[in-house]
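Student: model the structure of this input:
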Amino acid sequence: MPQPTFHLTVEQIEFFRREGYLAIEQITTPDDVATLRESYDRIFAQRAGREEGNQFDLAGTDEEGKEAVLPQILLPAKYAPEMNESLLLANARQLVRDLYGPEATCEIAHAIFKPARIGAQTPWHQDASYWNPTMDYPSTVSIWVPLQEATLENGCMQFVPRSHAGEEIHRHQSVGNDPRIHALELHESERHRVRSAVACPLNAGGATVHGPYAMHYTAPNVSDVPRRALILVGGLGGVQRQSPRESPWQKDKKTARLQREATHSGRK
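Tutor: Take a look at the predicted model:
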């Protein structure tokens, strides 16, 4: 792996801790982006990981033969191991060490593809609504990196400033209250919390950073250009809670992805 070429400044760290998110102009080089994009396009063309439940339509019902509106691949470096040798990963690991100290680490967690013209929104949500309800995540971040320019038209990241305060998880539901859809959204009773949103357009190889309690969103892709994004997750890991949080929106899921995962596991 290459040596990192990136550090957060004191001002960036202070902004992130106060506002709950951070936009970074450049976290890696155009050459690194081009290499990552080649790997990214290959595994999406292969629908890598679909049989085991790692490739699925995040915003649709994910039936076979139906065009996906927001395809996602979990653990993309499992199918493109060269991603683990990228400057992006080296710099992301330095970023989390800058935030949380030398024990912090980071991995490429998932990849999301928003097709041109039909790519669905990723509704307002908090990442922690997907995560283990028996844990808290006070020292964990997601690093979102576009592999082409990210704009308002193709679905750049948007955040509610300071929505991370209190590390509270608000009520969520499956998108459209349809348990066949993997994606979550803030429940309608919580949507009043979405106010003063800030959009973060970026060039390819830029990044946004946010914690698991920060509310965020990406709009539909109404442009003629597909939007590619890698998401890295890093920090110090979770901390066991004394009692689990209530997260009924996780228990209600009946997705095709879960069915494929269960079938695949049963074969082993």
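
Student: and the helix or strand of the chain with the lowest mean pLDDT, which residues are buried?
Tutor: Least confident element among the helices and strands of the chain, by mean pLDDT, DSSP states H and E: helix 256-267 (a mean of 85). Neighbour counts over helix 256-267 (16 or more other C-beta atoms under 10 Å) mark 256-257, 260-261 as buried. Every C-beta, even on glycine, is put in place using the N, C-alpha and C of the backbone.

Student: stretch 145-156 too?
Tutor: By 16+ other C-beta under 10 Å, the buried positions in stretch 145-156 come out as 145-151, 153-156.

Student: contacts only, for residue 207.
Tutor: Applying C-beta atoms under 8 Å, 6 or more residues apart in numbering to residue 207 gives the contacts 23-24, 27, 92, 143-145.

Student: in strands, which of the buried residues of stretch 145-156 appear?
Tutor: Among the buried residues of stretch 145-156, the members found in strands (DSSP state E) are 145-146.

Student: between which two of the buried residues of stretch 145-156 is the distance greatest?
Tutor: Greatest spacing in the buried residues of stretch 145-156, by C-beta to C-beta: 145 and 153 (18.7 Å).

Student: on that earlier part again, which strands and helices sit next to the least confident helix or strand of the chain?
Tutor: For helix 256-267, the elements it packs on are strand 55-57, judged by 3 or more C-beta pairs under 8 Å, 6 or more residues apart in numbering; DSSP states H and E.

Student: within the sheet, what are the partner strands of the helix or strand just after the strand it packs on, with directions?
Tutor: Sequence-wise, the next helix or strand downstream of strand 55-57 (DSSP states H and E) is strand 71-74. Strand 71-74 pairs in its sheet with strand 55-57 (antiparallel), strand 105-114 (antiparallel), by DSSP bridges.

Student: who wins on neighbours among the contacts of residue 207?
Tutor: When neighbours are taken as other C-beta atoms under 10 Å, the top entry among the contacts of residue 207 is residue 92 (28 neighbours).

Student: picking up where we left off before, and which of the buried residues of stretch 145-156 is nearest residue 57?
Tutor: When those are compared for distance to residue 57 (C-beta to C-beta), residue 155 wins out at 15.5 Å.

Student: distance of the closest residue in space to that closest one that isn't next to it in sequence from residue 146?
Tutor: Of all residues not flanking residue 155 in the chain, residue 218 sits nearest, at 4.1 Å (C-beta to C-beta, 6 or more residues apart in numbering). Residue 218 sits at a distance of 10 Å from residue 146 (criterion: C-beta to C-beta, to the nearest Å).

Student: quick check: neighbours shared by the two?
Tutor: Common neighbours of residue 218 and residue 146, using C-beta under 8 Å, 6+ apart, are residue 156.

Student: hey, which helix is longest across this protein?
Tutor: helix 30-46 (DSSP state H).

Student: pull out the buried positions in that helix.
Tutor: Result for helix 30-46 [16+ other C-beta under 10 Å]: buried residues 32-33, 35-37, 39-40, 43-44.

Student: in CSV, list those residues along with distance to residue 86.
Tutor: Listed next are those as CSV, based on distance: C-beta to C-beta, whole Å:
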residue, distance to residue 86
32, 6
33, 9
35, 7
36, 6
37, 11
39, 9
40, 11
43, 14
44, 17
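
Student: output those residues as TSV; include the columns pLDDT and distance to residue 114.
Tutor: Below are the buried residues of helix 30-46 laid out as TSV (pLDDT from 0 to 100; distance: C-beta to C-beta, whole Å):
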residue	pLDDT	distance to residue 114
32	98	21
33	98	17
35	98	21
36	98	16
37	98	14
39	98	18
40	98	13
43	98	16
44	98	11
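
Student: good, wrapping up.
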